[in-house]
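Enquirer: Compute the structure for the input listed below.
(one chain, ligands or ions: 1)
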Amino acid sequence: MTRAPSAKKSARPGAKDYRSYSFWLETAGEELTPRPPLAGPTEADVAILGAGFTGLWTAYYLLARDPSLRVVVLEAEIAGFGASGRNGAWCSPGFPVSPGELKRRFGGEATRELMLEMRGAVDEIGRVAQVEEIDAHYFRGGQLRIARGPSQLPGLQRAFESLRTLGLESDVALLDEDETAERVRITGAKGALYNPHCATIHPARLARGLARTVERMGAVIFERTPVTDYEVASKSPRLVTDAGEVRARTIVLAGEAYLARLRKLRRQLLPIYSLIVLTESLSEEQWAEIGWEGRECVASNRHTVDYLSRTDDGRILFGGRGAPYHFGSRIKDEYDRHEPTHEMLRSTARDWFPSLRGARFTHAWGGPLAVSRDWMPTMSYDPSKGVATARGYTGQGVATANLSGRTLADLILGHDTGITRLPTVNHRPRTWEREPLRWLGARYVQRGLMKVDDRAERTGEPPTGKTLAEWLGRH
Ligand SMILES: Cc1cc2nc3c(=O)[nH]c(=O)nc-3n(C[C@H](O)[C@H](O)[C@H](O)COP(=O)(O)OP(=O)(O)OC[C@H]3O[C@@H](n4cnc5c(N)ncnc54)[C@H](O)[C@@H]3O)c2cc1C
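Expert: Just a heads-up that it's a prediction; the model follows:
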């Protein structure tokens, strides 16, 4: 049954049914009973806002490097409540700014280092899941970027070329139509770019498993404890909650899209909703028609992002952007479902895979991700104020958050390592426009890019890259 928005109330009055927020939280293998909230003021060496991947990886690497640290995590809901417990399962080296654009902004060497670190993060997540015995369903199937129609072929060629100029193409392959069909049979697929450096995960199991791991290492997680503000002006920075303040040597702001709810950060990030539909487990006949034995992460080369993965229990997850931006950067539970977008995703999935015609879609959910003004994530630490943050992953945050955790831990502990010199470090994107300009711009770009994609598919001509929507989408 497709989950309805009203499914979010729990039998207990005032409590949320966290399992209803995604298939992943529903199948996390535990009751999701919230940990106790903060009961009063306290102190720590490091106080972290947010128990998603960013906050938890930061806690993990801090404690791995210095087990004596007192680490406190404050989470508004439960660990894994945000994008970390709801995503498309891609653990990929993909980065929101393309290698070509990164090279233009930061030069070839820095771009190459960053791309290699992103690949390393994919491996590192698998390594930690194994060492810490987190049953995260980590499966390294690689990634296929599909040209669905001739208009998308030049984009794949360009992506391959930019990897080649960085010397990163050796195990990446351009596949023709037949080679693509040998891996997965998608209507209209004319070719693909195969990249082996990608895995799928069970996101909620990874987030919940990480939460238990950092607790074992000594961290204390308070759930149902929203941070209402933070202060860095005084000698010791602090996170402010209704139950009292947490003073610390360092505070870490790891709330991704939800950070836009804090007055001080309102214009730093643009929350955009990404939505997902999920089929029932498919039959052997359906899988025989589709192929996809390699369980690669799959996407087309549209501007209006789509992303697919094959779950452990034989379902197809089909995700995409396209749900409207909400005026004032508002985030609400009810925005997780947008029936026109969910229906569009179901119908696109049936177009891609005709054998899904009779299949049931059992789940539909979504959540907010954060876009920075220049699409570049930041991993920052200001020792003079004792504040660190990592955010702005633009929907490509599973592996990036791991890199963030290691980077913030090194920065906070004063370790000068290769990753503390990446172009993401202390990067400061400019702020988003004030409303109503922000709303007008975001909606214009969203609609404009959809039109560009539709036109390219209709005519077979690749996008020119010169429309206003494409230009605004890059700047
Ligand atoms: C539908 C969807 C699909 C996606 N698919 C993919 C994918 O396939 N691959 C990929 O790489 N990326 C994907 N992403 C993005 C990726 O999931 C995120 O970038 C990543 O999980 C971000 O982790 P995070 O810890 O920074 O943020 P989140 O996971 O959002 O966690 C932030 C946490 O902070 C808490 N919080 C926020 N504000 C406060 C506050 N004031 N006080 C206390 N706690 C607070 C929240 O409750 C939340 O638990 C997707 C995102 C969405 C929404």
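Enquirer: which helices and strands does whichever helix or strand L275 is part of pack with?
Expert: Secondary-structure element containing L275, defined by DSSP states H and E: strand 270-279. Identification of packing neighbours for strand 270-279 by 3 or more CB pairs under 8 Å, 6 or more residues apart in numbering; DSSP states H and E yields strand 316-320, helix 339-352, strand 361-371, helix 437-459. C-beta here means a position set from N, CA and C on the backbone, and glycine is covered the same way.
Enquirer: Indicate which one of the ones you listed is closest to M217.
Expert: Among those, strand 361-371 comes nearest to M217, with 27.3 Å by CB to CB.
Enquirer: Mind checking if the closest one is in reach of the ligand?
Expert: Yes. Applying CB under 6 Å from any ligand atom, one finds that strand 361-371 is in contact with the ligand at 366-369.
Enquirer: by contact count, what packs against that strand?
Expert: Strand 361-371 is packed against helix 23-26, strand 270-279, helix 339-352, with contacts defined by 3+ CB pairs under 8 Å, 6+ apart.
Enquirer: Sheet-wise, list the partners of it with their directions.
Expert: Strand 361-371 has the following strand partners under DSSP bridges: strand 270-279 (antiparallel).
Enquirer: Can you give me the buried ones in the helix-or-strand element of the chain with minimal mean pLDDT?
Expert: The helix or strand with the lowest mean pLDDT-type score in the chain, counting by mean pLDDT, DSSP states H and E, is helix 468-474 (a mean of 71). Within helix 468-474, the residues that count as buried by 16 or more other CB atoms under 10 Å are 469-470, 473.
Enquirer: Which residues of the stretch 351-475 of the chain lie near the ligand?
Expert: Counting by CB under 6 Å from any ligand atom, the residues of the stretch 351-475 of the chain lying close to the ligand are 366-369, 393, 395-399, 401.
Enquirer: So which of the residues you listed is the closest to the ligand?
Expert: The nearest member of these to the ligand, counting by CB to the nearest ligand atom, is G397 at 1.9 Å.
Enquirer: so the closest one touches L369, yeah?
Expert: Yes. The pair G397 / L369 is scored as a contact, 7.1 Å apart, by CB atoms under 8 Å.
Enquirer: So for these two, which residues contact both of them?
Expert: Overlap between the neighbourhoods of G397 and L369 consists of 83, 256, taking contacts as CB atoms under 8 Å, 6 or more residues apart in numbering.
Enquirer: Let me know the pLDDT of the nearest residue to L265 once chain neighbours are set aside.
Expert: Taking CB to CB, 6 or more residues apart in numbering as the measure, L265 lies nearest to L259, with 4.7 Å between them; neighbours along the chain are not counted. Predicted confidence (pLDDT) for L259: 98.
Enquirer: Burial check on L259, number of neighbours?
Expert: By the other CB atoms under 10 Å criterion, the neighbourhood of L259 contains 22 residues.
Enquirer: Isn't it up against R267?
Expert: No. Taking CB under 8 Å as the definition, L259 is not a contact partner of R267, at 10.9 Å.
Enquirer: Now flag whichever of the buried residues of helix 468-474 is closest to the ligand.
Expert: G473 (17.9 Å).
Enquirer: Can you give me every residue that contacts that closest one?
Expert: Listed by CB under 8 Å, 6+ apart, the contact partners of G473 are 303, 445, 448-449.
Enquirer: again, only using 7 Å
Expert: If you count contacts by CB atoms under 7 Å, 6 or more residues apart in numbering, G473 has them with 303, 445, 449.
Enquirer: Tell me the pLDDT of the residue most central in space within the chain.
Expert: Averaging the C-alpha coordinates of the chain gives a centre point, and the residue nearest to it by CA atoms, centre = their mean is G397 (3.5 Å). Here, the pLDDT recorded for G397 equals 97.
Enquirer: show me what contacts it?
Expert: With CB under 7 Å, 6+ apart as the criterion, the residues that contact G397 are 53, 83, 256.
Enquirer: From these, which land in helices?
Expert: Using DSSP state H, the members of the contacts of G397 that fall in helices are F53.
Enquirer: Including pLDDT and distance to the ligand, could the contacts of G397 go into CSV?
Expert: Compiled in CSV, those are given as follows (pLDDT from 0 to 100; distance: CB to the nearest ligand atom, whole Å):
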residue, pLDDT, distance to the ligand
F53, 98, 4
A83, 98, 3
E256, 98, 3
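Enquirer: so which of the contacts of G397 is the most crowded?
Expert: Highest neighbour count within those, by other CB under 10 Å: F53, with 32 neighbours.
Enquirer: Quickly find the element holding the closest residue in space to that residue that isn't next to it in sequence.
Expert: What sits nearest to F53 in space, not counting adjacent residues and going by CB to CB, 6+ apart, is A401, at 3.6 Å. Taking DSSP H and E as the criterion, A401 maps to helix 398-413.
Enquirer: Show me what that helix is packed up against.
Expert: Packed against helix 398-413, as judged by 3 or more CB pairs under 7 Å, 6 or more residues apart in numbering; DSSP states H and E, are the following elements: helix 53-65, strand 90-91, helix 108-131, strand 378-382, strand 387-391.
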